[in-house]
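A.B. asks: When you get a sec, could you give me coordinates for this:
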Amino acid sequence: MDHGQNVMMTPVIRRPVVAGYYYPADAEVLTRALEALTTATITPRPAHAVMLPHGSLNQCGAIVGSTLSHVVVPRRCIVLGPSHAGTAMRWSVLEAGAYRTPLGDVPIDAACAESLRARCPFLEPDAWAHRGEHAIEVLLPFLQVLGPHDLSVVPIILGSAEPDELRQLGVVLAQVIRMQEEPVLLIASSDLSHHEPRARVAQQDRRVIEAICALDEERLAREASQGALRMCGDGAVACVLTAARALGASRGTLIRYGTSADAGGDPDSTIGYAGIIIN
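C.D. replies: Predicted coordinates:
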């Protein structure tokens, strides 16, 4: 018998790492919390892309919920986020299996991931970069509640801030999305200023939000590199802006802004959060 044939590969199930910390681990409690943070009375509209924060449910869940309530969540979503846990890979995509949350498994869109890899050689298949990373995980329960039952995702972790690579992936994202027979939502997971007094955070974040709403990734890069501003996810946003503009987007709209201080955090060490729709 040839043991090298007919071997079934075990699908990668990326298990939740911040359930019970960033959001409730109990499915019923989580569902009730998400229902309270989303708005059923709003008529959602299709969008090319959204920018969403990746803090805890208590700190920025209302911003994520408010923003996604305005958007039709299609069956296919591509979610880009930064690396917090550190990764040897500059660009990492989970190309098969599923992301698990307390609400169930979200399958990886393997065909879409393969199309991206075929056109973007630096995009590496790497499950390890996703294991301890929360930037994508915290958004998936919202997509599960607001999206269709057959929701699928392509999760991409960025460990690189190289401008040419950001632009290349943005162009490739637009190419692959054009090839799909159904809508695809691009999602950039990003927080804004970190650990500064609330007034300074609001001032810095206003300039960054203006750059994002103008779909100006070069201006975004300048703002994100100035002074004490530490934006967590500017590369993901830049990629998404490039792709959205290539798909015909002309403007971003700020839906909601807030800070960790607004949610009861230290006003002298504040994080900024914004939800922006790009169309």
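
A.B. asks: Quick one: distance of stretch 174-181 to the chain centre.
C.D. replies: How far stretch 174-181 lies from its chain's middle: 19 Å, per C-alpha atoms, centre = their mean, to the nearest Å.

A.B. asks: how about it: buried residues?
C.D. replies: Buried residues in stretch 174-181, counted by 16 or more other C-beta atoms under 10 Å: 174-177. Yep, even glycine has a C-beta here, placed from its N, CA and C like the rest.

A.B. asks: For residue 252, which non-adjacent residue is spatially closest?
C.D. replies: residue 213 (3.8 Å; C-beta to C-beta, 6 or more residues apart in numbering).

A.B. asks: Do I have it right that the one you found meets residue 254?
C.D. replies: Yes. Under the criterion of C-beta atoms under 8 Å, residue 213 makes contact with residue 254 at 6.3 Å.

A.B. asks: Mutual contacts of the two, please.
C.D. replies: Common contact partners of residue 213 and residue 254 (C-beta atoms under 8 Å, 6 or more residues apart in numbering): residue 276.

A.B. asks: element containing residue 218?
C.D. replies: Under the criterion of DSSP states H and E, residue 218 resides in helix 217-224.

A.B. asks: Give me the distance between the very next helix or strand once past that helix and the centre of its chain.
C.D. replies: The helix or strand immediately downstream of helix 217-224 is helix 234-246, counting by DSSP H and E. Between the centre of helix 234-246 and the centre of its chain there are 12 Å (C-alpha atoms, centre = their mean).

A.B. asks: Need the contact partners of helix 234-246.
C.D. replies: In this structure, residues lying in contact with helix 234-246 by C-beta under 8 Å, 6+ apart are 48-49, 51, 80-82, 158, 160-161, 163, 166-167, 169-171, 173-174, 177, 186-190, 212, 215-217, 220-221, 224, 278.

A.B. asks: again, only this time at 6 Å
C.D. replies: Residues outside helix 234-246 that contact it (C-beta atoms under 6 Å, 6 or more residues apart in numbering) are 48-49, 51, 80-81, 158, 161, 166-167, 169-170, 173-174, 186, 188, 190, 215, 217, 224, 278.

A.B. asks: do stretch 200-218 as well
C.D. replies: Identification of contacts with stretch 200-218 by C-beta under 6 Å, 6+ apart yields 192-193, 219-220, 223, 229, 238, 241-242, 245, 252, 254, 259, 270, 272, 274, 276.

A.B. asks: Strands of the stretch 101-250 of the chain, start to end?
C.D. replies: Using DSSP state E, counting those that start in this stretch, the strands of the stretch 101-250 of the chain run over 104-107, 124-125, 152-158, 184-189.

A.B. asks: quick one: average confidence on the second one?
C.D. replies: Model confidence over strand 124-125, given as mean pLDDT, is 80.

A.B. asks: from the chain's centre, how far out does that strand sit?
C.D. replies: Strand 124-125 sits 18 Å away from the centroid of its parent chain (C-alpha atoms, centre = their mean).

A.B. asks: and it, which strands flank it?
C.D. replies: strand 91-93 (parallel) (DSSP bridges).

A.B. asks: picking up where we left off before, closest to residue 138 among the buried residues of stretch 174-181?
C.D. replies: Lowest distance from residue 138 to the buried residues of stretch 174-181 (C-beta to C-beta) belongs to residue 177, with 23.6 Å.

A.B. asks: And that closest one, how far from residue 243?
C.D. replies: Separation of residue 177 from residue 243 (C-beta to C-beta, to the nearest Å): 7 Å.
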